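Asks: Let me see the structure of the following:
(one chain, ligands or ions: 1)
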Amino acid sequence: MPTMRLQTLSLRALLFLGLWHTGRRSLASAPELQEQPKKIAVVGAGIGGAATAYYLRQEFGPGVKIDVFEDGSVGGRLATVKIGDYEYETGGSVIHPLNLHMKHFVDKLGIPQRKDVPSKMAIFDGKHILFEESDWFIVNFFRMLWRYGLNFLRMQMWVETVLDKFMRIYQYQQFGYSFSTVERLLHAMGGDSFLTLMNQTLEEAMMGEGFSQVFINDIVAPITRVNYGQSVRINGFVGAVSLAGADSGLWAVDGGNKKVCSGLLYNSKSELIPARVTSISVKVRPSKRGTPVSLYEISYVDQSGAAHSLYDIVIVATPLHRGKSDITFSGFSPPIPSHYPGHYHQTVATLVHGLLNVSYLGTTEAASEFTVSDVLTTDSNGSIINSLSSLDPVHIPKGYKRPPASQANVWKVFSKKPLSQEQLENMFLSYDSVSETKWLAYPAYHPPHRKTPPFILHNRLYYLNAVEWAASAMEMSAIAARNVALLAHHHWHEQKSKIDQEDLHTRLRGEL
Ligand SMILES: Cc1cc2nc3c(=O)[nH]c(=O)nc-3n(C[C@H](O)[C@H](O)[C@H](O)COP(=O)(O)OP(=O)(O)OC[C@H]3O[C@@H](n4cnc5c(N)ncnc54)[C@H](O)[C@@H]3O)c2cc1C
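Replies: Prediction:
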């Protein structure tokens with residue numbers, strides 16, 4: 001349908017040019033007559049919590065006090081480690097060019113994007129290099145065509161189709177629409193096709209579209225392994241997000257992605273409370289008007305001991321899963337669990353400063369000629385690592401050139417388990433520094449998928465990280481942040497017409 005395509009393209013183009021931020025939201029929202037909330041708490045200062053604080057400020061204005069509780073470091077899963085004189089990303093590292101919230105944040109905060117350093121990819125099956133990217137696009141194109149027929153081009157088209165639907169969320173949010181569950185949000189974007197994707201594996205979805213098994217094993221599996229540490233049996237939706245992560249034009253934030261989090265907290269004039277939230281309970285208090293109101297009491301532990309505080313609205317922006325947080329919810333009916341079913345997948349990020357042993361990759365190439373920056377791996381039993389990448393610092397110094405493998409460099413290894421000394425010695429001829437981060441990184445995806453946790457835990461208590469069961473990514477947390485801020489606003493001001501509306505795509509067609 002060529003006309004559809006043109007329309008979608010123009011929507012995308014307008015969104016990308018930033019025209020989605022033209023103030024539609026304020027035109028769309030009704031005048032607010034009711035009193036504003038006085039205090040709002042956000043639990044967690046990762047990108048989800050920081051973006052929530054930013055959007056809450058947009059929705060509720062300057063009068064409300066926003067407290068953000070953080071038990072660890074601002075940034076959460078966006079983190080860096082220092083090796084020698086430079087900092088390196090150890091958690092969430094790349095951002096898709098069409099991740100419009102992340103793009104808006106850096107523009108708004110005036111943080112530049114990191115200078116791009118050209119990269120080169122290879123695929124390793126645990127014994128040999130199966131495929132090594134050439135510096136020449138045309139060579140890669142014909143190699144792919146020869147090995148996998150049109151699978152490669154068709155994969156790009158398939159991901160484009162998913163992305164086109166995904167982009168609709170920006171328009172909905174700009175018009176102030178919000179969703180009470182992850183399923184409703186997905187359905188509004190992509191209809192039944194997105195829900196189907198959530199309930200089948202990526203492998204099933206792609207086989208159903210006619211992709212070959214060899215292409216899925218050789219190309220798709222290495223991408224899901226580097227992005228989610230898991231096989232092609234993750235759900236089809238997160239699989240498509242993962243494949244979009246292999247697009248060109250990926251970017252990162254100069255100085256480290258976590259800078260966006262501290263920037264958003266500052267911009268939103270929130271107060272950062274370095275403390276661990278231990279429980280959230282509902283309390284009924286008399287109001288000035290005589291009618292009782294329910295408030296949320298947050299109990300927390302900081303350096304000086306235990307304390308508590310009352311809030312009108314609370315947003316939980318950390319996964320409610322074993323090992324990720326341990327918050328007790330009391331006084332709620334029906335009860336709210338501290339931990340929802342399902343667990344988070346462990347990915348160990350090991351950053352090594354040393355000399356790579358290129359023969360570990362089964363190549364006879366001289367180290368001085370080996371300029372591959374990203375080695376992805378197939379799902380074969382032989383491969384103990386998910387990926388091996390030459391890392392650039394978070395700030396690229398002037399004149400920086402990535403060194404070839406014959407020179408000592410910083411390498412990042414993703415693996416399911418920590419690497420033993422023997423494994424490190426096999427991979428590196430020598431090394432002088434090793435930094436290991438054990439991440440409970442993202443959900444372990446096992447479709448068909450059970451019902452995701454809700455965005456709304458109680459009247460004015462919201463849960464952002466429910467979204468990770470569709471897909472875990474910085475932009476997904478940012479989308480959920482805007483969604484919960486809108487939900488909080490609409491509940492407070494009783495604007496039910498802005499929640500869970502059906503058929504928005506048709507209704508808003510032509511509005512841009
Ligand atoms: C190794 C790795 C690689 C990744 N790569 C990418 C990538 O390239 N691109 C991408 O888009 N995404 C990537 N991701 C995913 C992305 O990093 C996450 O989806 C995103 O950062 C989640 O942000 P969040 O704020 O929702 O959660 P988190 O970052 O987990 O933030 C939650 C915060 O809550 C705090 N907290 C927990 N409990 C409490 C408590 N009781 N009281 C107070 N504070 C508490 C935690 O300390 C934490 O700071 C990657 C993740 C990992 C681990």
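
Asks: wait, isn't His187 in contact with Leu197?
Replies: No: here His187 lies out of contact with Leu197, judged by Cβ atoms under 8 Å, at a distance of 11.3 Å. Every C-beta, even on glycine, is put in place using the N, C-alpha and C of the backbone.

Asks: Of the two, which one has the most company?
Replies: Leu197 (24 against 18; other Cβ atoms under 10 Å).

Asks: helix/strand/coil for the residue lying farthest from the centre of the chain?
Replies: Here the chain reaches farthest from its C-alpha mean at Gly290, the gap being 44.2 Å by Cα atoms, centre = their mean. The three-state label given to Gly290 by DSSP: H, G, I helix; E, B strand; the rest coil is coil.

Asks: Equivalent analysis for Arg322, please.
Replies: Under three-state DSSP, Arg322 falls in the coil class.

Asks: Provide the count of other residues in contact range of it.
Replies: 14.

Asks: Contact partners for the nearest residue to it once chain neighbours are set aside?
Replies: Excluding the flanking residues, the one nearest Arg322 by Cβ to Cβ, 6 or more residues apart in numbering is His339, at 4.9 Å. Contact partners of His339, counting by Cβ atoms under 8 Å, 6 or more residues apart in numbering, are Leu320, His321, Arg322, Asp326.

Asks: Torsion angles phi and psi at His339?
Replies: phi -130, psi 130 (degrees, to the nearest 10).

Asks: Could you report the pLDDT at it?
Replies: For His339, the model assigns a pLDDT of 97.

Asks: go on, the one 3 residues further on?
Replies: Taken from the predicted model, the pLDDT recorded for Gly342 is 94.

Asks: again with Leu33
Replies: So, for Leu33, pLDDT stands at 48.

Asks: Quick one: mean pLDDT for stretch 312-326?
Replies: The model assigns stretch 312-326 a mean pLDDT of 97.

Asks: Could you look up the SS state of Val301?
Replies: Relying on three-state DSSP, one would call Val301 strand.

Asks: burial measure for the closest residue to Gln58 other than its chain neighbours, as a count.
Replies: Of all residues not flanking Gln58 in the chain, Ala485 sits nearest, at 7.1 Å (Cβ to Cβ, 6+ apart). Number of residues near Ala485 (other Cβ under 10 Å) recorded here: 28.

Asks: What strand or helix carries Ala485?
Replies: helix 474-492 (DSSP states H and E).

Asks: How about the secondary structure of the residue in the stretch 151-300 of the chain positioned nearest to the ligand?
Replies: Residue nearest to the ligand within the stretch 151-300 of the chain: Val277 (3.7 Å; Cβ to the nearest ligand atom). Classification of Val277 using three-state DSSP returns strand.

Asks: which residues does it contact?
Replies: Val43, Phe69, Asp71, Ile298, Ser299, Tyr300, Ile327.

Asks: okay, these in a markdown table with neighbour count and secondary structure next?
Replies: Listed next are these as a markdown table, based on neighbours: other Cβ atoms under 10 Å; DSSP: H, G, I helix; E, B strand; the rest coil:
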| residue | neighbour count | secondary structure |
| --- | --- | --- |
| Val43 | 28 | strand |
| Phe69 | 25 | strand |
| Asp71 | 18 | coil |
| Ile298 | 23 | strand |
| Ser299 | 18 | strand |
| Tyr300 | 23 | strand |
| Ile327 | 20 | coil |
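
Asks: of those, closest to Pro404?
Replies: Asp71 (41.7 Å; Cβ to Cβ).

Asks: ok so, going back, out of the contacts of Val277, which touch the ligand?
Replies: Subset of the contacts of Val277 in contact with the ligand: Val43, Phe69, Asp71, Ile327, counting by Cβ under 6 Å from any ligand atom.

Asks: out of the residues you listed, who's nearest Thr364?
Replies: Once Cβ to Cβ is applied, the member of the ones next to the ligand among the contacts of Val277 that ends up nearest Thr364 is Asp71, at 49.3 Å.

Asks: Identify the residue nearest the closest one in space, chain neighbours excluded?
Replies: Per Cβ to Cβ, 6+ apart, closest to Asp71 is Arg276, 4.1 Å.

Asks: Was I right to think that neighbour contacts Gln303?
Replies: No: taking Cβ under 8 Å as the definition, Arg276 is not a contact partner of Gln303, at 10.6 Å.

Asks: Those two: who's more crowded?
Replies: Arg276 (17 against 6).

Asks: hang on, the earlier thing: now the helix or strand that comes right after the helix holding Ala485: average pLDDT?
Replies: Scanning forward in sequence from helix 474-492 by DSSP H and E, the next helix or strand is helix 504-507. Across helix 504-507, pLDDT averages out at 91.

Asks: CA-only coordinates of stretch 96-106 in CSV, if you can.
Replies: Output in CSV follows, covering the C-alpha atoms of stretch 96-106 (Å, rounded to 0.1, in the frame of the first residue of the first chain):
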residue,chain,number,x,y,z
HIS,A,96,18.8,3.7,18.3
PRO,A,97,18.6,6.8,16.1
LEU,A,98,14.8,6.7,16.3
ASN,A,99,14.7,6.5,20.1
LEU,A,100,13.0,9.9,20.2
HIS,A,101,12.8,10.4,24.0
MET,A,102,16.5,9.7,24.5
LYS,A,103,17.2,12.1,21.6
HIS,A,104,14.9,14.7,23.2
PHE,A,105,16.7,14.4,26.6
VAL,A,106,20.2,15.0,25.2
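
Asks: list the contacts for the closest residue to Asn257 other than its chain neighbours?
Replies: Spatial nearest neighbour of Asn257, excluding adjacent residues (Cβ to Cβ, 6+ apart): Leu78 at 4.4 Å. Leu78 makes contact with Gly46, Ile47, Glu89, Gly91, Gly92, Gly256, Asn257, Lys258, Val260, Cys261, Met474, according to Cβ under 8 Å, 6+ apart.

Asks: Understood, closing this out.
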